[in-house]
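> sequence first, predicted coordinates after that:
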Amino acid sequence: MTGFETNDILQYVTKNKKRSHTVFVLNGEMYKPVNSDERIQIREKIIEAALELIKQLGVTHTSVSRITEQVGIGKGTFYHYFASKEELIYVLMEKQAEESGQDFLRRLHGREKMSVEEGKAFLRYIIERDSIIYGYMTDADMKKMEKILGAEKYRRISLEEDPFSGVKAYLSHVEGVRQDIDIKVFGRLVSAAGFVHQHWNEYPHLVEREDIYKTLLNHIYDYIFAE
């Protein structure tokens, strides 16, 4: 039955001269059975659509209805892939953390530590990725994530705990890092820089915006490195 519970489904079989096909009605919506490859494709389309909408609207205003409309599926179909919007955001964050970790290992290239300049370059790459979810989230969004996901999952994505799910590894594999860094302060600084960069184009009249961004980056570098 392709992921559906039989006691929740009313099955119809329609026949014509060429073939027969089966559809399912669940909670008032009709579904066609999909195979495993199609499920993977639909799931990826949901993730991609959510990310694009978040970049346009922010997390708060990216609703399940908007996501499903973008993908071209029924709202009920969404819940066969994700339990909630917050669960989808969590998956996005985990995916981005994995991608960032892989990129860091590539840059490290088997060494114990990278140089200060390489460390700065990687940090800037993280901050300036326009797809990093943290820059589009409000404190209210994070509180809702904690309430819906639960404490264990929330700790894995919380800026209070370990931003980008790899900051401790990052700090331990870069030369010249100070020993008294507060993870919470570091996370807030990186989040602030990401927010400024991601909303850059919204303030074309602010001629000092480049200087503001550079000053913020320098504050982060001064906080991290002992040089």
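Arrived safely. Residues are numbered from 1 along each chain as shown.
> does Q96 touch Y136 like I think?
No. If you go by CB atoms under 8 Å, Q96 and Y136 don't touch, sitting 11.8 Å apart. (C-beta placed from N, C-alpha, C; glycine too.)
> all strands for this protein, in order.
For the chain, the strands defined by DSSP state E cover 10-15, 20-26, 29-31.
> point out where this structure drops to low pLDDT.
For the chain, applying pLDDT under 70 flags the ranges 1-34, 130-131, 158-166, 200-207, 227.
> residues near V167, how many?
20 (other CB atoms under 10 Å).
> in stretch 217-224, which residues are buried?
L217, I220, Y221, I224 (16 or more other CB atoms under 10 Å).
> er, stretch 60-70 actually
Here stretch 60-70 shows T62, V64, R66, I67, T68, Q70 as buried, counting by 16+ other CB under 10 Å.
> adding distance to V177, write these out as TSV.
Formatted as TSV, the buried residues of stretch 60-70 follow (distance: CB to CB, whole Å):
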residue	distance to V177
T62	36
V64	41
R66	41
I67	39
T68	44
Q70	42
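> so which of those are in helices?
Applying DSSP state H to these, the entries found in helices are V64, R66, I67, T68, Q70.
> give me the distance from the lengthiest helix in the chain to the chain's centre.
The helix that spans the most residues within the chain, counting by DSSP H, is helix 85-108. Centroid separation for helix 85-108 versus its chain: 7 Å, with CA atoms, centre = their mean, to the nearest Å.
> again, but for stretch 174-189
That offset, for stretch 174-189, works out to 23 Å (CA atoms, centre = their mean).
> what residues of it count as buried?
Neighbour count says stretch 174-189 has V174, V177, F186, G187, L189 buried, by 16+ other CB under 10 Å.
> format those residues as JSON lines; extra columns: distance to E112.
Putting the buried residues of stretch 174-189 into JSON lines (distance: CB to CB, whole Å) gives the following:
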{"residue": "V174", "distance to E112": "10"}
{"residue": "V177", "distance to E112": "13"}
{"residue": "F186", "distance to E112": "21"}
{"residue": "G187", "distance to E112": "24"}
{"residue": "L189", "distance to E112": "26"}
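> before we move on, back to that, pick out whichever of Q96 and Y136 has more residues nearby.
Ranked by neighbour count (other CB under 10 Å), Q96 and Y136 place Y136 first, with 25 against 20.
> please name the residues that touch that one.
Under the criterion of CB atoms under 8 Å, 6 or more residues apart in numbering, the neighbours of Y136 are I54, K55, G58, V59, Q198.
> burial of the second one, as a residue count?
This points to K55. Neighbour tally, K55, other CB under 10 Å: 16.
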